[in-house]
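J.: Structure of the sequence below:
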Amino acid sequence: MDSKLKIKTGYEKDEGDEPVSPTGQYFNSNTLSVRVLSIMESEDPIDDSCAISLLEDLFLPINPRFSSIMVFDKTGVKQWKRVEVNIPEHLHIPSFPEGLSLEEYDDYFDKYITEIGMKPFPKDKPLWEAHIFKYPTTKAAGHLIFKLHHALGDGFSLMGALLSCMQRADDPSLPVTFPSVKSSSEANSKAADEVGCLPKTISAIYNTTLDYGLSVLKSSLIADDKTPIRSGGEGVEFHPVQISTVALSLDQIRQIKTAIGVTINDVITGIIFLGTRLYMQSTGKGFNNSESTALVLLNTRNINGYKSVDEMVKADSDSKWGNQFAFMHVTLPELINNSSNPLEFISEAQKIIKRKRNSLAIYLTGQSLELLRKCRGPEAAAGFIHSTLQKSTMTISNMIGPIEKMALANQPCKGMYFMVVGVPQSLTITVLSYMRTMRIAVGVEKGYIDVQKFNSCIEDAFQLIYKTSVKSP
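T.: Below you'll find the predicted structure:
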């Protein structure tokens, strides 16, 4: 097979260059270079003999951006330019000593994923890589790692692309299904929303003004306190990142959701907030009421689940491919008396997020960013996003995954998670459900945050919330 592969996607816009979206320009700028690592854990040893053909036949045809590089046109505007793809240059299979213990291969895997996560993409090649770690660890018989630039799309787009390469392990002919994220009381709340329109309008105006003002201040002037989870140093995005995960029972999370009448997202956010405060408390006194803000990512598409790639690339799609999300500033609740009532973290998270969702602050912030781009250029807008991230404490990104076990090229996937790297923060948390497990991935500034201790605090928070909500009379 010729290593240089001219890929034809079949889309009408294959000929000619395509403008890079504003957000795509921000995430691949002189100020920011954000990458996404998607890790799939194989149940069986990985057979890499068909890797190149799979990338050629399944992955590259998904979207023309996977066969494009980012260039400037004559007017200085960034465009996606189609190029020939040398697939072997994008496929990496590292070699390590044979016959080591699972724990020793754990160390090799951790170091390898840190290394590839921090390494920038070359500018003369499409912005993706595939890595096959063939050695068994305590988590899996092998790992497949997709490294994708955030300029290609957000988590919704990239996850949809990767899932389109996979099939259900039990029966490939059956469709993939996803868990519901709605609360048990949502139907009743919709009816209640029809009542009291005037008070709600006044409240929305007030909340919009307050949230937008605070968002601008926190993005440009007011930085969070320096704490055990925020070093506040310059260039933290260039420091090595250590990645680890915590696996929680999705069934138990659903029990919590049902018991207190909230969404799964509310439960997860509350667990993360409580676990974070427990970690801060465990490192010393004086951090229980520190000013710490989480940037919670909100998918701005009007959708209830993943769409096919064909649907996402349609011009009139309500779930378009690309970066369709916004940040919400959410202040971490204070920890009082070692959290005598851990459910307050869920109720507080629910209250804040619901209020911010119902205000127009997110829309106004997006319009302000677009105005900044038009007046001062995409680099200035990228600088504003960098400041927003750098002045906050952490980012939380939450996604749903398939209920059924998936397989890639007939190789079952026992687990999956993702991580965002290149962000100017000491702590990044991502969440992905898969089968009956909720996987929380924690990316920390290596040497600053004790990731194993942090994971233990997340597990402690989960147990506190579960026992209080489900087992208490």
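
J.: Output the host helix or strand of L432 as CSV, nothing but the C-alphas.
T.: Using DSSP states H and E, L432 falls within strand 427-434. Extracted in CSV, the C-alpha atoms of strand 427-434 (Å, rounded to 0.1, in the frame of the first residue of the first chain):
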residue,chain,number,x,y,z
LEU,A,427,-6.5,21.1,37.4
THR,A,428,-8.7,19.8,34.6
ILE,A,429,-11.5,17.3,35.1
THR,A,430,-13.5,15.4,32.4
VAL,A,431,-16.3,13.0,32.9
LEU,A,432,-17.6,10.2,30.5
SER,A,433,-20.2,7.5,31.1
TYR,A,434,-19.6,4.1,29.4
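
J.: contacting residues around it?
T.: The contact list for strand 427-434 (Cβ atoms under 8 Å, 6 or more residues apart in numbering) reads 155, 179, 229-230, 241, 250, 264, 268, 272, 276, 393-402, 415-421, 438-445, 449. In short, each C-beta sits where N, CA and C put it, glycine included.

J.: how close does the residue found closest to P45 once you drop the neighbours it is linked to in the chain get to I132?
T.: In space, and not counting its chain neighbours, P45 is closest to A141: 5.0 Å by Cβ to Cβ, 6 or more residues apart in numbering. In this structure, A141 and I132 are 12 Å apart, going by Cβ to Cβ, to the nearest Å.

J.: Give the residues shared as contacts by the two.
T.: With Cβ under 8 Å, 6+ apart, A141 and I132 have common neighbours I46.

J.: tally of neighbours for E103?
T.: Under the neighbour criterion other Cβ atoms under 10 Å, E103 is assigned a count of 9.

J.: check which helix or strand covers it.
T.: Using DSSP H and E, E103 falls in helix 102-118.

J.: Please identify the buried residues of that helix?
T.: 105-106, 108-110, 112-114, 116-118 (16 or more other Cβ atoms under 10 Å).

J.: Beyond that helix, next helix or strand please.
T.: Past helix 102-118, the next helix or strand by DSSP H and E is strand 128-133.

J.: who does that next one pair up with?
T.: strand 91-92 (parallel), strand 142-149 (antiparallel) (DSSP bridges).

J.: any idea which of the ones you listed is most buried?
T.: Among the strands paired with strand 128-133, the stretch with the highest mean neighbour count (mean count of other Cβ atoms under 10 Å) is strand 142-149, at a mean of 22.

J.: Using PDB, write out every CA atom in the following helix or strand past that one.
T.: Going down the chain from strand 142-149, the next helix or strand is helix 155-164, by DSSP H and E. Extracted in PDB, the C-alpha atoms of helix 155-164 (Å, rounded to 0.1, in the frame of the first residue of the first chain):
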ATOM      1  CA  GLY A 155     -15.900  16.900  22.600                       C
ATOM      2  CA  PHE A 156     -19.400  16.300  21.100                       C
ATOM      3  CA  SER A 157     -18.100  16.400  17.500                       C
ATOM      4  CA  LEU A 158     -14.900  14.300  18.200                       C
ATOM      5  CA  MET A 159     -16.700  11.700  20.300                       C
ATOM      6  CA  GLY A 160     -19.400  11.400  17.600                       C
ATOM      7  CA  ALA A 161     -16.600  10.900  15.100                       C
ATOM      8  CA  LEU A 162     -14.800   8.200  17.100                       C
ATOM      9  CA  LEU A 163     -18.100   6.400  17.900                       C
ATOM     10  CA  SER A 164     -18.900   6.300  14.200                       C
END
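
J.: same question for the helix or strand following helix 155-164, mean pLDDT?
T.: The helix or strand immediately downstream of helix 155-164 is strand 167-168, counting by DSSP H and E. Average pLDDT, strand 167-168: 92.

J.: quick one: contacts of strand 167-168?
T.: By Cβ under 8 Å, 6+ apart, the list of residues contacting strand 167-168 reads 174-176, 402, 404-407.

J.: Using TSV, please lay out those together with secondary structure and neighbour count.
T.: Listed next are the contacts of strand 167-168 as TSV, based on DSSP: H, G, I helix; E, B strand; the rest coil; neighbours: other Cβ atoms under 10 Å:
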residue	secondary structure	neighbour count
L174	coil	10
P175	coil	7
V176	coil	16
P402	coil	20
E404	coil	18
K405	coil	15
M406	strand	25
A407	strand	18
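
J.: Roughly how far does the nearest residue to S426 once chain neighbours are set aside sit from C50?
T.: Nearest non-adjacent residue to S426, counting by Cβ to Cβ, 6+ apart: E445, 4.0 Å away. Distance of E445 to C50, given as Cβ to Cβ: 38 Å.

J.: My read is that T208 contacts A361, right?
T.: Yes: assessed by Cβ atoms under 8 Å, T208 is found in contact with A361 at 5.3 Å.

J.: out of these two, which sits in the busier spot?
T.: Between T208 and A361, counted using other Cβ under 10 Å, A361 has the larger neighbour count: 24 against 18.

J.: Identify each buried residue in stretch 162-171, please.
T.: 162-169.

J.: what does stretch 362-375 give?
T.: Those buried within stretch 362-375 under the rule 16+ other Cβ under 10 Å are 362, 364-365, 368-369, 372-373.

J.: what about the residue nearest to P45, distance to I46?
T.: 7 Å.

J.: do the same with E115
T.: 19 Å.

J.: ok, now T468?
T.: 42 Å.

J.: and the residue most central in space within the chain, helix, strand or coil?
T.: Centroid-nearest residue in the chain: S397, 4.2 Å away (criterion: Cα atoms, centre = their mean). Put simply, S397 is strand when judged by DSSP: H, G, I helix; E, B strand; the rest coil.

J.: Let me know the pLDDT of it.
T.: 93.

J.: Return the residues in contact with it.
T.: 155, 297, 420, 428-431.

J.: Which among those count as buried?
T.: 155, 297, 420, 428-431.

J.: Could you export these to JSON lines, including columns for distance to P97 and pLDDT?
T.: Below are those laid out as JSON lines (distance: Cβ to Cβ, whole Å; pLDDT from 0 to 100):
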{"residue": "G155", "distance to P97": "35", "pLDDT": "75"}
{"residue": "L297", "distance to P97": "39", "pLDDT": "84"}
{"residue": "V420", "distance to P97": "31", "pLDDT": "95"}
{"residue": "T428", "distance to P97": "31", "pLDDT": "98"}
{"residue": "I429", "distance to P97": "33", "pLDDT": "98"}
{"residue": "T430", "distance to P97": "31", "pLDDT": "96"}
{"residue": "V431", "distance to P97": "34", "pLDDT": "96"}
